[in-house]
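Participant: Predicted model follows, preceded by the sequence.
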Amino acid sequence: MRLVLLLTLLASTSTASTATTLSPFQQQNMDLLFNILKDYKVIEEPSHPIFYQGVAFYWYGAYTPSPDHPQTCIIMASHPDWPFVGNIFKNGTLPTSAIFGCHQGKTCRGAKCVEQLSHSNVVTYTLLGVVLFLIVCLFGGEKKTQQQRPMERPCRGPPRDPSFDNIFLPQEHRVRFDLPPRYSD
């Protein structure tokens, strides 16, 4: 939608630039176009890389893998980590993807190159997690039980033999209510 508006304004302002004086409507179009484009960065030469956070990004397949960066990565404009919001080509089109390379042994994650998880890394982190869990359980649990002992309930005697209880007999601890008064006829 924004691109259609830009192209419409470009068409109307291009006819205005041939005239020596601008009508008020054409001047408004020019002002609006400049206000819209002031937030955009124009990509002059798509074959040259753009550097972002130390990574060289290329447009439209201009990237060729090198021995130093053999891993080719593509990030689409729809990706949440797209770093080129507000960039536009000289002809008015928006970039749809960018290509960059990663060092040997790294993988692509969004617009970054990250270390791969190897088998030894996973085993090391798992063992470290188990050891930390055991340390917390051994030393953290002892203090907790010492704090709870003074607050424990006193021990009750052994439970009563349930064979002597009769569920149909009223028990003494039940609350008894008086019967409501009767009305005379």
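Facilitator: Sure thing, it's come through. Residues are numbered from 1 along each chain as shown.
Participant: part of a helix, is residue 100?
Facilitator: No: under DSSP: H, G, I helix; E, B strand; the rest coil, residue 100 falls outside any helix and is assigned strand.
Participant: So for it, what's the pLDDT?
Facilitator: Per-residue confidence (pLDDT) for residue 100: 88.
Participant: So for residue 88, what's the nearest residue that isn't a sequence neighbour?
Facilitator: The shortest distance from residue 88 to any non-neighbouring residue, by CB to CB, 6 or more residues apart in numbering, is to residue 40 (4.6 Å). Glycine gets a C-beta too; all of them are placed from N, C-alpha and C.
Participant: Just give me the neighbour total for that neighbour.
Facilitator: 14 (other CB atoms under 10 Å).
Participant: So it sits against residue 86, correct?
Facilitator: Yes: using CB atoms under 8 Å, residue 40 is in contact with residue 86, at 5.3 Å.
Participant: did I read that right, residue 75 in a strand?
Facilitator: Yes: using three-state DSSP, the secondary structure at residue 75 is a strand.
Participant: residues contacting it?
Facilitator: Applying CB atoms under 8 Å, 6 or more residues apart in numbering, we find residue 75 in contact with 81-83, 97-98, 100, 108, 110-111.
Participant: Take those and lay them out in a markdown table including secondary structure, neighbour count and distance to residue 52.
Facilitator: Output for the contacts of residue 75, formatted as a markdown table (DSSP: H, G, I helix; E, B strand; the rest coil; neighbours: other CB atoms under 10 Å; distance: CB to CB, whole Å):
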| residue | secondary structure | neighbour count | distance to residue 52 |
| --- | --- | --- | --- |
| 81 | coil | 9 | 11 |
| 82 | coil | 16 | 11 |
| 83 | coil | 16 | 5 |
| 97 | strand | 17 | 14 |
| 98 | strand | 26 | 9 |
| 100 | strand | 23 | 9 |
| 108 | strand | 16 | 14 |
| 110 | coil | 13 | 12 |
| 111 | coil | 18 | 7 |
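Participant: which one of those residues sits closest to residue 181?
Facilitator: residue 81 (80.5 Å; CB to CB).
Participant: how near is the nearest residue to residue 104 once chain neighbours are set aside to residue 181?
Facilitator: Nearest residue to residue 104, sequence neighbours excluded (CB to CB, 6+ apart): residue 70, at 5.9 Å. The spacing between residue 70 and residue 181, counted by CB to CB, to the nearest Å, is 98 Å.
Participant: Neighbour count: these two, which is higher?
Facilitator: Neighbour tally, residue 70 and residue 181, criterion other CB under 10 Å: the higher count belongs to residue 70, 13 against 6.
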